[in-house]
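*Asks:* Quick one, fold the following:
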Amino acid sequence: MTGPDGGWDASYQRSEPPPWDIGHPQPVFAALARDGRLRGDLLDAGCGTGEHSLLAASCGAVVHGVDLSGVAVDRARRKAAERGLSISFEAGDILAASLPEAGFDVAIDSGLFHSFDDNDRVRYVDVIARALRPGGTFFLMCFSDRQPGDWGPRRVTEAELRDAFSRGWTVVSIEPAVFEINPFADASSVQAWFGTARRD
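*Replies:* As a prediction, the model looks like this:
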């Protein structure tokens, strides 16, 4: 995970958008919205420029988005204002954010989990567990070990996901999925895992 040296901000300040900033929600999250599963008080962890936060808010959710990049959060706030949506965005480290205890019904993560090392991964799952109400749902999409090559973020195995949510959670499902990305290395999509876990 890039620290306070501005590395994440730099990703958003180049002439081309970063691979993950595609200008619309990932299809798996759009499907959740259609199914009415982005609801209640919702936390968007690693919200980036806000497309999933905006999607959830348009469905009636009360959304709080957190991202390490102040540049991305500023863009998310502008998008919300342009679309007439009221969303709370916070620029900061999710591991240190002052989130309300048991304050959310749903948490979502599109591409943040795979950025943590082993120690911070444990801390991150604990942060999400504390933020969710009992019975709350976490929808997570991360880079998969099924993706060939060695470019891009750390690959995550299904076993690693199951282990991360083996205590205090019920893993509902882990399914193969696809991240849409801006064209990178002659690819417009990469392999992912899409997991659903319920806080016990």
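
*Asks:* Please identify the buried residues of stretch 113-122?
*Replies:* Phe113, His114, Ser115, Phe116, Arg121 (16 or more other C-beta atoms under 10 Å). For glycine as for every other residue, the C-beta is placed from the backbone atoms N, C-alpha and C.

*Asks:* Ser15 versus the fourth one, what's the distance?
*Replies:* Meaning Phe116. 28 Å (C-beta to C-beta, to the nearest Å).

*Asks:* circling back to that earlier point, of all the buried residues of stretch 113-122, which comes closest to Ala197?
*Replies:* Phe113 (11.0 Å; C-beta to C-beta).

*Asks:* Surely that closest one and Phe139 touch.
*Replies:* No. Phe113 is not in contact with Phe139 according to C-beta atoms under 8 Å; the separation is 11.0 Å.

*Asks:* Any figure for the gap between Val66 and Pro27?
*Replies:* For Val66 relative to Pro27 (C-beta to C-beta), the value is 23 Å.

*Asks:* These two: which has the busier surroundings?
*Replies:* Val66 (24 against 13; other C-beta atoms under 10 Å).

*Asks:* List the contacts of that one.
*Replies:* Going by C-beta atoms under 8 Å, 6 or more residues apart in numbering, Val66 touches Leu43, Asp44, Ala45, Gly46, Cys47, Phe89, Glu90, Ala91, Gly92, Ile94, Ala97, Leu99.

*Asks:* swap in Gly195?
*Replies:* Applying C-beta under 8 Å, 6+ apart, the residues near Gly195 are Phe138, Phe139, Leu140, Met141, Cys142, Leu161, Phe165, Val171, Ser173, Ile174, Glu175.

*Asks:* In PyMOL, how would I select the buried members of these?
*Replies:* PyMOL command restricting those to the buried ones, with burial defined by 16+ other C-beta under 10 Å:
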select buried, resi 138+139+140+141+142+161+165+171+174
